[in-house]
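Participant: For reference, the sequence and a predicted model appear below.
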Amino acid sequence: MEWEHQLLPNELFDWRSFYNEYQVPYIIHFVFGLIEQTEPFSFVHYLSIFSAYVANPHVETIYFHHHFEVYGPWWEKVVEDVPCLCIRHIDVPTHIGAKEIKKTAHKADKARMDILWEMGGIYMDIDTISNKPMKPFLMNETTLCKQYSLGLTKNKEPIKYIGGICNAIMVTKPRSKFFAKWMESYEEAFDPDKWEEASIWLPLRLANEYSEDVNILEPEVFNVPGYWEANRMFSEHYFEVPDSLVALHLCESKSKDYIKGITGWEWFLNNKSDLYGKMMEPCIEKGLCWIVRIVIIPWVLRWDSV
């Protein structure tokens, strides 16, 4: 079945004046399904797309780029709940220049670079959750965000340091000057047997050299808590979401033990004070029918049985 995207109706939003003011098109990209699915599309992946839609009410289109078939109840739900979703079939990248791509993560890195080069917009990993509109970042040609890594001092004490650029969330206009330099150097820096040289460290070096071509954000905007702090995302109580946090990369490969227990809206009921729970709240309000289904109806049934 093919799906066509629909523009969000918004009579108060003038797209012509928007493109005169902003350099980056207000479209969001997700990439998924570069390998065959072995299990249904998850609730956390659903929430990545749905929260981006809720946090960005003026977004023109949310593109879901995939190769293999996507299936499952939460996939059907996201197609139903996000009217501006456009499903787009892509080929799986096999080479970067003359170098063969071996790892799925590298294929995803190449796919997102190609998409942003041709279309521009906002790229977000499928393991993110959105908190605020991305619109303020559309004024710059390219916006990227640093990330922290964890190391040890000489005394074996843990210490945070800037560990490159995180490519989980990127914003750029089509064929931007910075992306041109990045893609020009990508093949030489790419090592098929390592993970991060071309996608993480190379853009940081280029940002230091060509700072006029890119807007670099501090890690607190997209990447704090860090990948080693999954407990702070899912089991540490927060009074409110930090004001600096526009969206959060969950680092699924590092936080999978927490994520596997988040299978639906009911997780929120016991975890609404955790950071991820707090970031779910706007989506809960948008999908109020789920509250009726999982809270009010069971409560009424229990009351009637008394």
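Facilitator: Now that the structure is in, tell me what you want to look at. Note that the structure is predicted; figures quoted are calculated from it, not measured.

Participant: Checking my notes, residue 39 in a strand, right?
Facilitator: No: read with DSSP: H, G, I helix; E, B strand; the rest coil, residue 39 is coil and lies in no strand.

Participant: Okay, helices next: where are they in the stretch 101-250 of the chain?
Facilitator: Listed in chain order, the helices of the stretch 101-250 of the chain (DSSP state H, counting those that start in this stretch) span residues 104-119, 177-189, 202-209, 230-234.

Participant: Any chance of a markdown table for those helices, columns mean neighbour count?
Facilitator: (C-beta placed from N, C-alpha, C; glycine too.) Shown next, in a markdown table, are the helices of the stretch 101-250 of the chain (neighbours: other CB atoms under 10 Å):
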| stretch | mean neighbour count |
| --- | --- |
| helix 104-119 | 19 |
| helix 177-189 | 17 |
| helix 202-209 | 17 |
| helix 230-234 | 19 |
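
Participant: Indicate which one of the ones you listed is closest to residue 157.
Facilitator: helix 230-234 (19.0 Å; CB to CB).

Participant: what sits against the nearest residue in space to residue 101 that is not next to it in sequence?
Facilitator: Nearest non-adjacent residue to residue 101, counting by CB to CB, 6 or more residues apart in numbering: residue 107, 5.3 Å away. For residue 107, the contact set (CB atoms under 8 Å, 6 or more residues apart in numbering) comprises 34, 92-94, 101.

Participant: Recalculate using a threshold of 10 Å.
Facilitator: If a contact means CB atoms under 10 Å, 6 or more residues apart in numbering, then residue 107 has 31, 34-35, 67, 92-94, 96, 101 as its contacts.

Participant: If I look at residue 53, what pLDDT would I see?
Facilitator: Note on residue 53: pLDDT of 98.

Participant: does it sit in a helix, a strand or a coil?
Facilitator: helix.

Participant: sorry, back to before: of the helices of the stretch 101-250 of the chain, which is nearest residue 46?
Facilitator: Nearest to residue 46, of all the helices of the stretch 101-250 of the chain, is helix 230-234, at 17.0 Å by CB to CB.

Participant: quick one: which of the helices of the stretch 101-250 of the chain is nearest residue 217?
Facilitator: helix 202-209 (10.7 Å).

Participant: before we move on, back to that, just the buried ones from the contacts of residue 107?
Facilitator: Burial by neighbour count, 16 or more other CB atoms under 10 Å: within the contacts of residue 107 this picks out 31, 34, 67, 92-93, 96, 101.

Participant: In JSON lines, list the residues you listed along with secondary structure and distance to residue 147.
Facilitator: Listed next are these as JSON lines, based on DSSP: H, G, I helix; E, B strand; the rest coil; distance: CB to CB, whole Å:
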{"residue": "31", "secondary structure": "strand", "distance to residue 147": "19"}
{"residue": "34", "secondary structure": "coil", "distance to residue 147": "22"}
{"residue": "67", "secondary structure": "coil", "distance to residue 147": "27"}
{"residue": "92", "secondary structure": "coil", "distance to residue 147": "26"}
{"residue": "93", "secondary structure": "coil", "distance to residue 147": "23"}
{"residue": "96", "secondary structure": "strand", "distance to residue 147": "22"}
{"residue": "101", "secondary structure": "coil", "distance to residue 147": "23"}
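
Participant: Now render these as CSV, adding distance to residue 53 and pLDDT.
Facilitator: Output for these, formatted as CSV (distance: CB to CB, whole Å; pLDDT from 0 to 100):
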residue, distance to residue 53, pLDDT
31, 17, 98
34, 23, 97
67, 23, 98
92, 26, 97
93, 27, 97
96, 32, 96
101, 31, 96
